[in-house]
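1. Below: sequence and its predicted model.
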Amino acid sequence: MRTRPWRPIRSRWRRHRECERREGRSVTVLDVQGLTKSFGGLKVTRGVDLALEAGERHLIIGPNGAGKTTLFNLIAGDLSADGGSIRLAGRDLTRHPTAVRARQGIARTFQILTLFGRDTLVHNVMLALMGRAPLRWRPWGALRREQDLRRRALRQLEAVGLADKADLPLEQTSYGEKRRLEIAMALAQQPVLLLLDEPFAGLSAEERATVHALLASVSREITVLMIEHDMDVALALADRITLLHYGEVITAGTRSEVVDDPRTREIYLGH
Ligand SMILES: Nc1ncnc2c1ncn2[C@@H]1O[C@H](COP(=O)(O)OP(=O)(O)OP(=O)(O)O)[C@@H](O)[C@H]1O
């Protein structure tokens with residue numbers, strides 16, 4: 001397996017997408033086909049197909065244990081698939097590790113917060129930026145490079161309404177602020193595809209509204225795949241929805257197609 005494949009997708013991808021758009025064609029960003037995964041004898045992902053078009057907001061729903069997080073782990077590369085394929089902007093990433101997929105444009109936030117508690121907000125974002133373009137030891141350029149990183153990190157914090165807290169240690173911020181920071185860190189990587197795992201979990205009504213506004217403002221340059229149980233907030237963001245149950249896609253389509261499907265009511269909405 002090649003561990004350092006190709007140049008990142010982003011620039012080539014953006015040019016290609018512009019071309020297709022001009023010609024009125026839709027462009028598939030994420031193309032998952034026949035994906036399978038088992039843990040021992042338990043089949044958790046059973047031949048999942050999923051296609052996301054450029055700029056789409058796609059919501060994954062399903063009861064507990066349906067295989068939603070496993071599907072995210074397979075797409076991000078935290079788990080390797082037993083079968084099937086995962087293509088990002090036409091490029092096959094199925095057998096590549098997480099770091100390569102991240103370089104190619106897949107960013108994710110986690111259900112459990114994954115930040116550095118003693119560090120400041122701005123440093124956390126700088127680390128995310130460095131993950132994209134590691135700092136090399138060049139004494140003459142290091143300071144300028146650090147200042148540039150800080151400037152870019154501050155811009156990200158401003159975009160999520162946290163600029164005034166930039167130099168506070170993370171442990172002095174609220175849960176909702178940490179969630180916004182996590183989103184800022186994922187956005188700092190300028191992803192092609194952003195995976196959001198339950199971005200509203202554990203938030204108060206007020207924090208939910210803030211995160212909702214933030215996600216609604218994410219550029220359509222970025223395609224978003226989201227797992228969320230809170231249907232009130234998630235439905236307002238989603239263009240299309242996929243319902244998973246026991247690792248299988250039960251139905252997929254536009255918001256109304258899936259919500260009105262009797263199987264969704266029976267399996268998920270419970271009425
Ligand atoms: N590493 C693992 N080893 C064994 N079984 C696992 C592993 N990860 C997940 N599972 C099992 O796979 C099934 C699907 O889990 P998954 O977390 O993907 O579901 P989910 O739809 O995200 O659920 P929830 O909504 O509760 O987060 C569950 O039965 C879970 O116990």
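-> Right, received. Where do you want to start? Residues are numbered from 1 along each chain as shown.
2. I'd like to know how far T173 sits from L181.
-> 7 Å (Cβ to Cβ, to the nearest Å). Any C-beta I mention is one placed from the backbone N, CA and C, and that applies to glycine too.
3. Quick check: neighbours shared by the two?
-> Common contacts of T173 and L181 (Cβ atoms under 8 Å, 6 or more residues apart in numbering): 121, 162.
4. These two - which one has more neighbours?
-> Remark: of T173 and L181, L181 carries more neighbours, 25 against 19, as counted by other Cβ atoms under 10 Å.
5. doesn't that one fall inside a helix?
-> Yes. Under DSSP: H, G, I helix; E, B strand; the rest coil, L181 falls within a helix.
6. mind checking how far it is from T223?
-> Separation of L181 from T223 (Cβ to Cβ): 22 Å.
7. Run through who's touching the host helix or strand of F72.
-> Here F72 sits within helix 68-76, counting by DSSP states H and E. Applying Cβ under 8 Å, 6+ apart, the contact partners of helix 68-76 are 30, 32, 35, 37, 44-45, 48, 50, 60-62, 78-81, 86, 98, 101-102, 106, 108, 111, 193, 195, 197, 225, 227, 244, 247.
8. Could you pick out the buried ones from these?
-> Buried members of the contacts of helix 68-76, scored by 16 or more other Cβ atoms under 10 Å, are 30, 32, 35, 37, 44-45, 48, 50, 60-62, 79, 81, 86, 101-102, 106, 108, 193, 195, 197, 225, 227, 244, 247.
9. Next to the ligand in this structure, residues from the protein, please.
-> Residues of the chain lying near the ligand by Cβ under 6 Å from any ligand atom: 39, 42, 44, 62, 64-70.
10. So which of those wins on neighbours?
-> Within the residues of the chain next to the ligand, most neighbours by other Cβ under 10 Å means G67, with 25 neighbours.
11. Pull up the gap between the nearest residue to P97 once chain neighbours are set aside and E221, please.
-> Among residues not flanking P97 along the chain, G77 sits closest, at 5.5 Å (Cβ to Cβ, 6 or more residues apart in numbering). Distance of G77 to E221, computed by Cβ to Cβ: 22 Å.
12. So which of those two has more stuff around it?
-> When G77 and E221 are compared on other Cβ under 10 Å, the one with more neighbours turns out to be G77, at 22 against 13.
13. Got phi/psi on the residue nearest the centre of the chain?
-> The centroid of the chain falls nearest to L195 when counting by Cα atoms, centre = their mean (1.5 Å). Phi and psi for L195, reported as degrees, to the nearest 10, are phi -100, psi 120.
14. what sits opposite it in the beta ladder?
-> R108, L225 (DSSP bridges).
15. show me what contacts it?
-> The contact partners of L195, by Cβ under 8 Å, 6+ apart, come to 72, 75-76, 106-109, 225-226.
16. quick one: least confident of the residues you listed?
-> The lowest pLDDT within those belongs to T109, with 82.
17. Thought P191 was touching that one, still the case?
-> No. If you go by Cβ atoms under 8 Å, T109 and P191 don't touch, sitting 10.7 Å apart.
18. In whichever strand or helix holds D148, which residues are buried?
-> For D148, the host element (DSSP H and E) is helix 139-159. Within helix 139-159, the residues that count as buried by 16+ other Cβ under 10 Å are 149-150, 153-154, 156-157, 159.
19. show me where pLDDT drops low in the stretch 51-200 of the chain?
-> Within the stretch 51-200 of the chain, the stretches with pLDDT under 70 are 110-115, 131-143.
20. Cool, thanks, talk later.
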